[in-house]
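Q: Sequence unavailable; structure follows:
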């Protein structure tokens, strides 16, 4: 497993000079380029960005655009594409980079870091990429109207303070869950970009409650590592059974809020509390079910997006 401190994986020029043992001088100026190290660093950063979770930030962009647009032309505006592109990769490098840097000590005993995720070990590459991603994120303000700026600013503020001091919300029960509404803010910004106004308050509240439930469910596999590291979260405070009940409550409230916007959206969101019940009744381990949710969330997001698109392009207009 690549780590940030593994010189063969981090791109440290002192560790290896080339792929096959011969220095590579692409510029012809005597400065060899460590292609193997560059490739290893790229693989490390890709894994740090959590590709399986990319759509947790980029997916809301699609939903926000679909609900905010009034015609086909508005769906495919260049600004929408740029905003989606930023929240697909750079924003994930920013968010998870900050998380991994400030969780360095906590993650030493976290088993998730031994498989599908990477463990930060102090390499300067990660902070540099975080700063670069943040600077690139400033460009999102340039392509969006003022109505989107509070949502973008909220994303970057919560993205830092969720993991970093002085607030470090992730170590305070309830605030760790509440602050994870940051995941819906890109979607709100996308809606504002297209519609020129903030999304309905009930929709924003429903999405925020959904994110609170999703975050806390995701924290259940971390209960033991977090307790061992002395980290207090909503999940460590409640324990697994009561955390599942908390998640079901958040998702039920989210369905109710969305029902105030459109009862059909509320009905779709009822899938989440139903899943909690099914997981509990079937005795499925949460750390196993946890990895199902990227696919489940993508499917739910696709249903919502397709439903929104039917306002613009009615099915009878395209079906034979």
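A: Sure, I can see it. It should be emphasised that the depicted structure is a prediction, and the values quoted were computed from it without experimental measurement.

Q: got the residue ranges for the strands in the stretch 101-250 of the chain?
A: Taking DSSP state E, counting those that start in this stretch, the stretch 101-250 of the chain contains no strands at all.

Q: residue ranges with poor pLDDT in it?
A: Applying pLDDT under 70 to the stretch 101-250 of the chain flags no residue at all.

Q: neighbouring contacts of stretch 265-283?
A: 206, 210, 213, 217, 244, 247-249, 251-252, 254-260, 284, 286, 289, 296, 300, 303-304, 307 (Cβ atoms under 8 Å, 6 or more residues apart in numbering). The C-beta positions use only the backbone N, C-alpha and C, and glycine is treated the same way.

Q: what do you get for stretch 233-241?
A: Applying Cβ under 8 Å, 6+ apart, the contact partners of stretch 233-241 are 170-171, 173-174, 176-177, 216, 219-220, 222-223, 226-227, 243, 246, 286.

Q: picking up where we left off before, which of the contacts of stretch 265-283 are buried, as a PyMOL select command?
A: Buried residues among the contacts of stretch 265-283 (16 or more other Cβ atoms under 10 Å), as a PyMOL selection:
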select buried, resi 206+210+213+217+244+247+248+251+252+254+255+256+257+258+259+286+289+300+304+307
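
Q: Of all pairs in the contacts of stretch 233-241, which one spans the longest distance?
A: Spanning the widest gap among the contacts of stretch 233-241 are 171 and 286, at 21.0 Å by Cβ to Cβ.

Q: got the buried residues for stretch 274-288?
A: 275, 276, 279, 286.

Q: Which one of those residues is nearest to residue 103?
A: Nearest member of those to residue 103, counting by Cβ to Cβ, is residue 286, at 20.0 Å.

Q: so that closest one touches residue 247, yeah?
A: No: Residue 286 lies out of contact with residue 247 (Cβ atoms under 8 Å); the separation is 9.7 Å.

Q: Find the residues that touch each one of those two.
A: Contacts common to residue 286 and residue 247, judged by Cβ under 8 Å, 6+ apart, are residue 217.

Q: wait, what's in contact with the closest residue to residue 228 other than its chain neighbours?
A: Nearest residue to residue 228, sequence neighbours excluded (Cβ to Cβ, 6 or more residues apart in numbering): residue 109, at 5.4 Å. Residues counted as contacts of residue 109 (Cβ under 8 Å, 6+ apart) are 225, 228, 229.

Q: Can you list phi and psi of the last one for me?
A: This means residue 229. Backbone torsions of residue 229, given as degrees, to the nearest 10, read phi -90, psi 0.

Q: got the contact list for it?
A: By Cβ under 8 Å, 6+ apart, residue 229 lies in contact with 105, 106, 108, 109.

Q: and those as TSV, adding distance to residue 266?
A: What follows is the contacts of residue 229, written out as TSV (distance: Cβ to Cβ, whole Å):
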residue	distance to residue 266
105	42
106	37
108	42
109	40
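
Q: Nearest to residue 60 among the residues you listed?
A: residue 106 (27.2 Å).

Q: Would you list the buried entries among the contacts of residue 229?
A: If we count by 16+ other Cβ under 10 Å, the contacts of residue 229 have these buried: residue 106.

Q: where does residue 96 land on pLDDT?
A: Residue 96 is assigned a predicted lDDT (pLDDT) of 96.

Q: Can you give the distance from the helix or strand harbouring it to the centre of its chain?
A: If you go by DSSP states H and E, residue 96 is part of helix 90-102. Relative to the chain's own centre, helix 90-102 is displaced by 10 Å; criterion: Cα atoms, centre = their mean, to the nearest Å.

Q: How about residues contacting it?
A: 45, 48-50, 53-54, 57-58, 107, 118-120, 126-127, 129-130, 133-134, 136-137, 155-156, 159-160, 162-165, 168, 186.

Q: List only those of those flagged as buried.
A: Buried members of these, scored by 16+ other Cβ under 10 Å, are 45, 48-50, 53-54, 57-58, 107, 118-120, 126, 129-130, 133-134, 137, 155-156, 159-160, 162-163, 168, 186.
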